[in-house]
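Asks: Here is my input, please return the structure:
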Amino acid sequence: MTFLLRLVSLVLLTSCGVRSYDQSPITPIQIIDNIQEIASYHQKPFVEKPQRDHYSICHGHSCAEFSYVSLSTQQWQTIESLFTPLASSAEQERQQIKSAIALLEVMTGQQAGTHNDLAKNDLSLGTRGQLDCIDEATNTSVYLRLLFNAGLLKRHSQASRTSRGGLISPHNTASIIEISSKTHYAVDSWFHKNGEQPEILPLSQWHSGWKPENN
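Replies: Here you go, the predicted model:
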């Protein structure tokens, strides 16, 4: 049963294309193994349209758990300051996005207990607060939506989560689209620990199996 649920989960995530979805609900890709977890999930729904003072993030591997987070006005002003002055190029804006996501991970981790998340699927500190790539792809999509909602993204639109590797070596990421060139970029936070900048690279390169250690 678990295998079938994981297969369905992978198919659902793989079916997420790279279309712009700045207004679409963000839903967790979950693997639910029993009725009690299903009941718990429906009692505490994931925030599908995040706002800076009320959003959800996944953890516990494959969104088995999620937490609610609220950022203060002062915290959000710190995020906004990363986009000042306005980026003079799409490349510069991608650097601003990297900095913002890293800081959002720190702020979020303090409330959600994910501040000790290590790179990749490192379980040396246990599973509590550790994220896998499905958690990371979902959370990064939430952060990108917060930036978009605030009007901070001028040169990019948000695209949906996508995956590579099929059933053999699946891996997932959030993504964005550069508006002027229509180039798709992966925004992958899984390779690094909490608070470190994500990797942003052309999605075609990411799909080829790119890893930072091979760069």
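Asks: Going by C-alpha atoms from here, please, whenever you check contacts or count neighbours.
Replies: Will do.
Asks: What is the three-state secondary structure of residue 22?
Replies: Residue 22 carries the three-state label coil when classified by DSSP: H, G, I helix; E, B strand; the rest coil.
Asks: isn't it right next to residue 145, touching?
Replies: Yes. Counting by CA atoms under 8 Å, residue 22 touches residue 145, with 6.7 Å between them.
Asks: Please say which of the two ends up with more neighbours.
Replies: Relative neighbour count places residue 145 above the other of residue 22 and residue 145, with 26 against 19, counting by other CA atoms under 10 Å.
Asks: hmm, back to that, mutual contacts of residue 22 and residue 145, please.
Replies: Common neighbours of residue 22 and residue 145 are listed as residue 158 (criterion: CA atoms under 8 Å, 6 or more residues apart in numbering).
Asks: State the distance from the closest residue to residue 90 other than its chain neighbours to residue 83.
Replies: Spatially, and ignoring its direct neighbours in sequence, residue 90 is nearest to residue 155 (5.6 Å; CA to CA, 6 or more residues apart in numbering). From residue 155 over to residue 83 the distance is 12 Å, taken as CA to CA, to the nearest Å.
Asks: Also residue 145?
Replies: Distance from residue 145 to residue 83, by CA to CA: 15 Å.
Asks: Please name the residues that touch residue 156.
Replies: By CA under 8 Å, 6+ apart, residue 156 lies in contact with 90, 176-179.
Asks: Please report the distance of it from residue 77.
Replies: Note on residue 156: its distance to residue 77, by CA to CA, is 21 Å.
Asks: ok, now residue 111?
Replies: To residue 77, residue 111 is 18 Å away according to CA to CA.
Asks: which of the two has more neighbours?
Replies: Between residue 111 and residue 77, counting by other CA under 10 Å, residue 111 is the more crowded of the two (14 against 11).
Asks: To which secondary structure element type does the more buried one belong?
Replies: Classification of residue 111 using three-state DSSP returns helix.
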